[in-house]
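Q: Could you work out the structure for the sequence below:
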Amino acid sequence: MAELKLPVSEKSVRDLEVGDFLELSGRMITGRDAAHKWLMEEYREEVAPFLKDTVIYHCGPVVNQKDDGSWEFIAAGPTTSIREEPYQADVIARYGLRGVIGKGGMAGRTLAGLGNSGAVYLHAIGGAAQVLARAIPRVEKVFMLDEFGVPEALWVIEVDRFPVVVTMDSHGGSLHDTIENGSKTKFDELLGRKG
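A: Predicted coordinates for the structure are as follows:
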């Protein structure tokens, strides 16, 4: 398993391929439905530096505010990514993202956007929210907390050896498509259908 430091260059991301296991260290940001819509309504100068050359994590965390006012992640599991399909390629291109973390994969528009921008889709482990939270030692900043609430806010976080696997790359590779096509072929065989 290779360690990938964030922020990361486009070249380093273009070297990645489907099946690569990575541990991410550095700064990234969370964002779900409300965040993606907000990021595309207009260019958000205040958030842009926190998106450039890093990754956005489809995550609705459980957080705790400590006595000193700082925040900590208690649970940080991935949410289903396909909901962001209408926005994702444009958010990547507009803000210079190098990756997306989530679960379940994304569709053709995002896959094309990964190739155009030099980015990857990274799959995180579903059902391991508390374990993943241990790889988030610090919350640096939060945007739109009052407006969107905890799950939908944009949390700027520091990660240390956060485990992911590349399941969509910048070369058009998609593990999700491969599995879907293989499953369909097997299903057709079981039903006695000819391809």
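Q: Mind telling me what element the spatially most central residue of the chain is part of?
A: When C-alpha atoms, centre = their mean is applied to the chain, the residue found nearest the centroid is I101 (1.8 Å). Per DSSP states H and E: I101 is located in strand 99-102.
Q: From the contact counts, what lies against that strand?
A: On a contact count with 3 or more C-beta pairs under 8 Å, 6 or more residues apart in numbering; DSSP states H and E, strand 99-102 meets strand 55-57, strand 120-123. (Each C-beta comes from the backbone N, C-alpha and C, glycine too.)
Q: What's the mean pLDDT across that strand?
A: On average, the pLDDT along strand 99-102 is 98.
Q: Quickly run through the sheet partners of that strand, with directions.
A: strand 55-57 (parallel), strand 120-123 (parallel) (DSSP bridges).
Q: Name the residues of stretch 67-84 that come out as buried.
A: Using 16 or more other C-beta atoms under 10 Å as the burial criterion, the residues of stretch 67-84 that qualify are W71, F73, A76, G77, P78, T79, S81, I82, R83, E84.
Q: In terms of secondary structure, what does the longest strand anywhere in the chain contact?
A: The strand that spans the most residues within the chain, counting by DSSP state E, is strand 154-168. In terms of contacts (3+ C-beta pairs under 8 Å, 6+ apart), strand 154-168 is packed against strand 21-30, strand 71-75, helix 108-117, strand 120-123, strand 138-143, helix 175-190.
Q: any weak-confidence spans in this protein?
A: 176-179, 181-183, 185-188, 194-195 (pLDDT under 70).
Q: about what we covered before: need the winner for burial among the helices and strands packed on strand 99-102.
A: Of all the helices and strands packed on strand 99-102, strand 55-57 has the most neighbours on average by mean count of other C-beta atoms under 10 Å, namely a mean of 28.
Q: That one: what's the following helix or strand?
A: Using DSSP H and E, the helix or strand that follows strand 55-57 in sequence is strand 62-65.
Q: Can I get that next one in CSV? Just the C-alpha atoms.
A: These are the backbone C-alpha positions of strand 62-65, laid out as CSV (Å, rounded to 0.1, in the frame of the first residue of the first chain):
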residue,chain,number,x,y,z
VAL,A,62,-20.5,12.5,13.3
VAL,A,63,-18.6,15.2,15.1
ASN,A,64,-18.0,16.4,18.6
GLN,A,65,-17.1,19.9,19.7
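Q: Correct me if wrong: S81 contacts G99.
A: No. Contact between S81 and G99 fails when scored by C-beta atoms under 8 Å: they sit 11.7 Å apart.
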